[in-house]
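**Q** no sequence on hand, only this structure:
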């Protein structure tokens, strides 16, 4: 995902994009803002309002610059940094499309190095990804079941792939998945022993079941999400490390056909 980062104070702003671990500065904005008047009485109050109006106008310019960047180089997430007074005011000025993408606010100096900004942004990105992964696994587990919108487990997920029903394949990082493939119809199975549950042809063992499953999901215009940490542990415990959100409900995994010579 592409991130936009705005580091702001009351008269300057630096705008960056972060993508695939790289940071690029997009804009450096400056608006002259008069200092706070030191005299007392009415003059001081009037001058304070004058100062605040300039700050407000500056932050409006920053919000407009972010909106322009979003239209020009659409980004997925937004992070803002700086003194609390400036970041709080900027948040209130963001258009809705940017407020919906705001995922982090943190204190920072305007002249923080690009390395510091990148490090903090990547830390926020990791937090966002882990939270998204936790929600994804929770949705999968809540939706799984007979005629549900998800499947949980290796066998049901392979069946959903066979039926072309997978919208999003969900894989636990490091899940050691091995299985089989039909020597005749290429159906993927949780085991490489016995015969195909559909055509009855012999199965062969394959060590790269997960890779094959991912390739099939992508070939069906499905998406693949790998989850990490606690989300991966939960998916391994509940589903053996593999599940999927579906385009449509799938039928149950068929029973193997009777071996040759056996009566029905």
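**A** Structure received. Just so it is clear, the model here is predicted, and its values are computed rather than measured. Residues are numbered from 1 along each chain as shown.
**Q** all helices for the protein, in order.
**A** All helices of the chain, identified by DSSP state H, fall at 41-72, 84-93, 96-99, 114-143, 154-162, 209-219, 229-239.
**Q** right, so these: which one is the most enclosed?
**A** Mean neighbour counts were compared across those using mean count of other CB atoms under 10 Å; the top stretch is helix 154-162, at a mean of 24. The way it works is simple: take the backbone N, C-alpha and C, and place the C-beta from them, glycine included.
**Q** so which elements touch it?
**A** Using 3 or more CB pairs under 8 Å, 6 or more residues apart in numbering; DSSP states H and E as the contact criterion, the neighbours of helix 154-162 among helices and strands are strand 150-152, strand 166-172, strand 188-189, helix 209-219, strand 242-246.
**Q** how much does it deviate in direction from helix 229-239?
**A** Taking axes from the mean of the first three to the mean of the last three CA atoms, to 10 degrees, helix 154-162 and helix 229-239 form an angle of 90 degrees between their directions.
**Q** residue contacts, residue 124?
**A** Applying CB atoms under 8 Å, 6 or more residues apart in numbering, one finds that residue 124 lies in contact with 79, 103-104, 106.
**Q** any regions of this structure where pLDDT drops low?
**A** 35-47, 50, 252-264 (pLDDT under 70).
**Q** tell me which residue is most central in it.
**A** A centroid search over the chain (CA atoms, centre = their mean) returns residue 129, at 5.1 Å, as the residue closest to the centre.
**Q** check contacts around that one.
**A** With contacts taken as CB under 8 Å, 6+ apart, residue 129 has the following neighbours: residue 228.
**Q** cool, residue 176 as well?
**A** With contacts defined as CB under 8 Å, 6+ apart, the neighbours of residue 176 are residue 241.
**Q** give me the beta-bridge partners of residue 24?
**A** Counting by DSSP bridges, residue 24 forms beta bridges with residue 17.
**Q** so it sits against residue 16, correct?
**A** Yes - at 6.4 Å, residue 24 and residue 16 qualify as touching, with contact defined as CB atoms under 8 Å.
**Q** now for the two: what residues contact both?
**A** Counting by CB under 8 Å, 6+ apart, residue 24 and residue 16 have no common neighbour.
**Q** who's more crowded, these two?
**A** Of the pair residue 24 and residue 16, residue 16 is the one with more neighbours under other CB atoms under 10 Å, namely 21 against 11.
**Q** right, and that one touches residue 8 too?
**A** No - in this structure, residue 16 sits apart from residue 8 without contact. The criterion is CB under 8 Å, and the distance is 11.9 Å.
**Q** picking up where we left off before, filter the contacts of residue 124 down to the buried ones.
**A** 79, 103-104 (16 or more other CB atoms under 10 Å).
**Q** now do the nearest residue to residue 241 once chain neighbours are set aside against residue 103, distance only.
**A** Spatially, and ignoring its direct neighbours in sequence, residue 241 is nearest to residue 175 (2.8 Å; CB to CB, 6 or more residues apart in numbering). According to CB to CB, to the nearest Å, residue 175 stands 28 Å off from residue 103.
**Q** now do the contacts for residue 9.
**A** By CB under 8 Å, 6+ apart, residue 9 lies in contact with 82-83, 86, 110.
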